[in-house]
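J.: Curious how this folds, go ahead:
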Amino acid sequence: MYDALTTVEGLARWWTDDTKGDGDVGGVLRFRFPVGGFDMEVVELRPSERHVAPATTVGRGTMSRVTSRTPEEQRLRDLARLRRVRDRIDREYAQPLDVEALARGVNMSAGHLSREFRLAYGESPYSYLMTRRIERAMALLRRGDLSVTEVCFAVGCASLGTFSTRFSELVGMPPSTYRREAARATAGLPSCVAKQVTRPIRNQEARVDRSHLA
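T.: Residues are numbered from 1 along each chain as shown. The predicted structure follows:
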């Protein structure tokens, strides 16, 4: 009985074969019947409790509260939460953020957030965060008054190696080379123009051609 009420597979056998979803916190279980259906959001899990109630449990414990919404309502709610995550990254990119912290901020599991964020924006939360950091790093390196190590920590990266690797993937050259070449390439350009022409290439490796910095 416990497994039947605390796993997606068990709920499918108990309610309807057409049961799908994510049993983590912030996930949504979708029950579909020949006529109609309903969605249930996993709001909270209590792993150590085994006292369960029908249709209100999932995963490895007891769900303390369930909300039922139409698929469209749930989609709009998820999009609103994803925008909150994206806005937080834009504001706090220099803070020690990780996917777990971002997920907790919107009451979602890290796995569910990563999947939904990628579907909505074409990349993972971590990738988006690193792109924001690299964009800011490029601006600081163009100034020329900070070392690569100082820029790395100023934009929130804890590892110089990871920073340099990601920078090279997005920009097409190591940060030390960019610092030297970008200063020459953007000399005399307004800052807004310099930022646009040196913007990192998202979701793909940088082109080998670097003529824009030649």
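
J.: buried sites along stretch 170-186?
T.: Using 16 or more other CB atoms under 10 Å as the test for burial, stretch 170-186 gives 170-173, 175, 177-179, 181-182, 185-186. No exception for glycine: its C-beta is placed from N, CA and C like everyone else's.

J.: what element comes up after the lengthiest helix in the chain heading to the C-terminus?
T.: Ordering each helix of the chain by length in residues (DSSP state H) puts helix 71-92 first. Counting by DSSP states H and E, the next helix or strand C-terminal to helix 71-92 is helix 99-105.

J.: For the buried residues of stretch 170-186, give me a markdown table that also has distance to residue 113, pLDDT and secondary structure.
T.: Shown next, in a markdown table, are these (distance: CB to CB, whole Å; pLDDT from 0 to 100; DSSP: H, G, I helix; E, B strand; the rest coil):
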| residue | distance to residue 113 | pLDDT | secondary structure |
| --- | --- | --- | --- |
| 170 | 22 | 92 | helix |
| 171 | 27 | 92 | helix |
| 172 | 30 | 91 | coil |
| 173 | 32 | 94 | coil |
| 175 | 29 | 95 | helix |
| 177 | 35 | 94 | helix |
| 178 | 31 | 93 | helix |
| 179 | 34 | 90 | helix |
| 181 | 37 | 87 | helix |
| 182 | 34 | 75 | helix |
| 185 | 38 | 67 | helix |
| 186 | 36 | 59 | coil |
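
J.: Take the residues you listed and write them to CSV, including distance to residue 91.
T.: Formatted as CSV, these follow (distance: CB to CB, whole Å):
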residue, distance to residue 91
170, 21
171, 23
172, 28
173, 28
175, 23
177, 30
178, 25
179, 26
181, 30
182, 25
185, 29
186, 26
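
J.: Out of those, the closest to residue 153 would be?
T.: Using CB to CB, residue 175 comes nearest to residue 153 of those, at 12.5 Å.

J.: ok, the closest one - contacts?
T.: 137, 141, 148, 151-152, 163-164, 167-168 (CB atoms under 8 Å, 6 or more residues apart in numbering).

J.: quick one: which two of those residues are the most distant?
T.: The span of these, defined through CB to CB, is set by 151 and 168 at 14.1 Å.

J.: And those two? Which one has more around it.
T.: Neighbour count, other CB atoms under 10 Å: between residue 151 and residue 168, residue 151 has more, with 23 against 17.

J.: quick one: residue 166 from residue 157, how far?
T.: Distance, residue 166 to residue 157, by CB to CB, to the nearest Å: 8 Å.

J.: whoops, I mixed them up, residue 97
T.: 11 Å.

J.: now residue 128
T.: For residue 128 relative to residue 157 (CB to CB), the value is 15 Å.

J.: And residue 78, by the same measure?
T.: Counting by CB to CB, the gap from residue 78 to residue 157 is 29 Å.

J.: just residue 92 next, same as before
T.: Counting by CB to CB, the separation of residue 92 from residue 157 is 14 Å.
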